[in-house]
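[1] Take this sequence and fold it.
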Amino acid sequence: MAATIKPPAYVTADGVTLLNEIRKIDATKSVIRWASITFSDLGGPERASLIVKATYDWEFQWQNGIFQNSRYAMFRLGHDGSIELFSSGSGMPRFRKQKVNSLADAAKKIVNYFKPVSAV
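    Model prediction:
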C-alpha cells in the first residue's frame, strides 16, 4: 500500500482561513471588494492548491454581471509554497511568481497587488 502524501497545511486549510486573513488586512474593503477561494486537487492530493479570485470592483459594477469584465485577478497558491497570477483583467499590474510561507503572507501579497489599482 502506497503512503499518502499530504500537501502543506496552508493549502489544506479551507479557503475561509485565507479569506479571513485578507479581510484582516483590508478590513474596510477598500482594496478587495469581492473575493472567492476554492480548493483544487487537479494534479492529485499531493499537488493540491488554492485558487483565489479577487476584484477591486463591487459585484454590481461588473459589466453584464460577468466577473471577467471587472478589474480582477486570479491567483494560484501552490503546494510548493508558490503564488502566481494566472489571469487578470485589462489594465491590471504584473505580478511575478513568488514564494510564501503562510496564509498571512499570501494574503498580504494579494492585497498589496490591488493597492495601485485603488489609487486610480
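[2] use CA for all of it now, contacts and neighbours both
    Noted.
[3] quick one: the helices in the chain?
    Secondary structure of the chain by DSSP state H: the helices cover 9-12, 15-25, 103-118.
[4] With distance to residue 34, mean neighbour count and mean pLDDT added, can I get these in CSV?
    As requested, the helices of the chain are exported to CSV (distance: least, CA to CA, whole Å; neighbours: other CA atoms under 10 Å; pLDDT from 0 to 100):
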stretch, distance to residue 34, mean neighbour count, mean pLDDT
helix 9-12, 21, 18, 52
helix 15-25, 10, 17, 78
helix 103-118, 12, 18, 87
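[5] Export those helices as a markdown table, with columns for distance to residue 44.
    Formatted as a markdown table, the helices of the chain follow (distance: least, CA to CA, whole Å):
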| stretch | distance to residue 44 |
| --- | --- |
| helix 9-12 | 13 |
| helix 15-25 | 18 |
| helix 103-118 | 21 |
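[6] Mind listing what's buried along stretch 48-59?
    Applying a neighbour-count criterion of 16 or more other CA atoms under 10 Å, the buried positions in stretch 48-59 are 48, 49, 50, 51, 52, 53, 54, 55, 56, 57.
[7] Tell me the span between the first and last residue of stretch 55-70.
    One end of stretch 55-70 sits 7 Å from the other (CA to CA, to the nearest Å).
[8] which residues sit against it?
    If you take CA atoms under 8 Å, 6 or more residues apart in numbering as the criterion, stretch 55-70 is touched by 31, 32, 33, 34, 35, 71, 72, 73, 89, 114, 117, 118.
[9] among those, which ones are buried?
    Buried residues within the contacts of stretch 55-70, defined by neighbour count using 16+ other CA under 10 Å: 31, 32, 35, 71, 72, 73, 114, 117.
[10] between the residues you listed, which is nearest residue 19?
    The closest of these to residue 19 turns out to be residue 35 (CA to CA; 7.5 Å).
[11] check contacts around that closest one.
    Contact partners of residue 35, counting by CA under 8 Å, 6+ apart, are 19, 52, 53, 54, 55.
[12] Quick check: the gap between the last one and residue 117.
    Residue 55 sits 10 Å away from residue 117, taking CA to CA as the criterion.
[13] Any regions of the chain where pLDDT drops low?
    Residues of the chain meeting the criterion pLDDT under 70: 1-15, 118-120.
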